[in-house]
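Peer 1: Compute the structure for the input listed below.
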Amino acid sequence: MKRYITVLALFSLLIGWFEWKAPLTYAFDPKHDVIASHSLTNLHQLIASSDLIAYGSFGEVHQTFKTPHHIQQGALVNFTQAFHVLRPFKGQGIQNVYLFGTEIDPQPQAHDPINLIYTGPLTSENEYVCFFKRLAGTPYYILNGGWSGVYPFINGKTLALADAGITSLDQLTLSELQKKLQEHGL
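Peer 2: Take a look at the predicted model:
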């Protein structure tokens, strides 16, 4: 009996140690947490780290969440925006997703570098090729790599945004894009 109690006590201590060592996790709070984008410059890394790569269009902003966060340029506000998948390249069987992002209110001037960090919603007037990453623990997706994950589709070709887009994805048709993605690990 004494041996049983000793083993039980050691087992309890061991379980307590593992629980103490376990990383703390928390649920994403759209009314508090914000999405600060970081650029990805490597195409292979962008493809590998994306959960969904698709051609499609954005709808209007669906929902907004005021956060308690402010920066010099204004208040940080979260939003959701529908993306209608017209052609998936990675992530089959998905028709619509909700983009989750952060914008600044009031919107800064277009040349303000803060726009590279907080992308804000995208216009519903264009079609895009986007690289998305699933926002863990939520039904939402974020733009993988911020602006380096967004390629407006204009006159039948992609447009790599200046100072943000990956230049090898510039001026590609959808067929050429498919081939380029496959060459880099899709």
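
Peer 1: Please make it C-alpha for all contacts and neighbour counts, starting now.
Peer 2: Will do.

Peer 1: where exactly do the strands run in this structure?
Peer 2: 52-71, 74-90, 96-105, 127-134, 140-143, 150-154, 157-158 (DSSP state E).

Peer 1: And the residue nearest the centre of this structure?
Peer 2: The C-alpha lying nearest the average C-alpha coordinate of the chain belongs to Ile142 (C-alpha atoms, centre = their mean; 2.1 Å).

Peer 1: isn't that one right up against Arg134?
Peer 2: Yes. Between Ile142 and Arg134 there is a contact at 6.4 Å, judged by C-alpha atoms under 8 Å.

Peer 1: taking the strands of the chain together, which one is wrapped up most tightly?
Peer 2: Comparing the strands of the chain by mean neighbour count (mean count of other C-alpha atoms under 10 Å), strand 127-134 ranks first with a mean of 24.

Peer 1: Tell me the helices and strands packed up against that one.
Peer 2: Packing partners of strand 127-134 (3 or more C-alpha pairs under 8 Å, 6 or more residues apart in numbering; DSSP states H and E): helix 43-49, strand 52-71, strand 140-143, strand 150-154.

Peer 1: Can you lay out the ones you listed as TSV showing mean pLDDT and distance to Pro30?
Peer 2: Converted to TSV, these look like this (pLDDT from 0 to 100; distance: least, C-alpha to C-alpha, whole Å):
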stretch	mean pLDDT	distance to Pro30
helix 43-49	97	22
strand 52-71	97	6
strand 140-143	98	10
strand 150-154	98	22
